[in-house]
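1. Here is the input, now give the coordinates:
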Amino acid sequence: LGSATTDRRWGNSWETASATWDPPSLADGAVQSTTVTDTGTALGDRADASMSVSLGGTYLIAQVTSTNTVTVYHVNESGGTVDVASGTLRVRVYKG
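-> Predicted coordinates for the structure are as follows:
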């Protein structure tokens, strides 16, 4: 994903990246994932993720899983199969 931004207003900095993502249909109880490359990200950094479209009762979890890599997990505990529309996946990584 592209475009990193740094902001130091609160003494911390973060970078953001975004890209179009069309996750496949996800059955109830299932988890799928995608990875985002963010140069300079390190284990111990905190990550958040969001989508520009409704997640239909599902949710996202972001985690720095290795140097320069954020894994975004898409989790469905909604009670039924959900097919999220294509949208913009945004990831924000909070640096030390």
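2. Remind me what the lowest-mean-pLDDT helix or strand in the chain packs against, helices and strands.
-> Across the helices and strands of the chain, mean pLDDT, DSSP states H and E gives its lowest value to strand 13-21, namely a mean of 85. Applying 3 or more CB pairs under 8 Å, 6 or more residues apart in numbering; DSSP states H and E, one finds that strand 13-21 contacts strand 31-37, strand 87-95. For every residue, glycine as well, the C-beta is placed using N, CA and C.
3. among those strands, which is the most enclosed?
-> strand 87-95 (a mean of 19; mean count of other CB atoms under 10 Å).
4. Where does pLDDT dip in the chain?
-> Scanning the chain for pLDDT under 70 picks out 1-12, 96.
5. one more time with 90, if that's ok
-> Applying pLDDT under 90 to the chain picks out residues 1-19, 36-41, 68, 94-96.
6. Distance of the spatially most central residue of the chain relative to residue 14?
-> Centroid-nearest residue in the chain: residue 49, 3.3 Å away (criterion: CA atoms, centre = their mean). Between residue 49 and residue 14 the distance is 13 Å, computed by CB to CB, to the nearest Å.
7. Name the residues contacting each of these two.
-> residue 92 (CB atoms under 8 Å, 6 or more residues apart in numbering).
8. Can you tell me the SS state at the nearest residue to the residue nearest to the centre of the chain once chain neighbours are set aside?
-> Distances taken as CB to CB, 6 or more residues apart in numbering place residue 62 nearest to residue 49, at 3.8 Å, with adjacent residues excluded. With DSSP: H, G, I helix; E, B strand; the rest coil as the basis, residue 62 sits in strand.
9. what's around residue 62, how many residues?
-> Per other CB atoms under 10 Å, the neighbour tally for residue 62 reads 21.
10. Take the helices and strands packed on strand 13-21 and write them to CSV, including distance to residue 23.
-> Formatted as CSV, these follow (distance: least, CB to CB, whole Å):
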stretch, distance to residue 23
strand 31-37, 6
strand 87-95, 9
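11. Nearest to residue 19, out of those?
-> strand 87-95 (5.9 Å; CB to CB).
12. Show me what the closest one is packed against.
-> Judged by 3+ CB pairs under 8 Å, 6+ apart, strand 87-95 is in contact with strand 13-21, strand 31-37, strand 46-51, strand 69-75.
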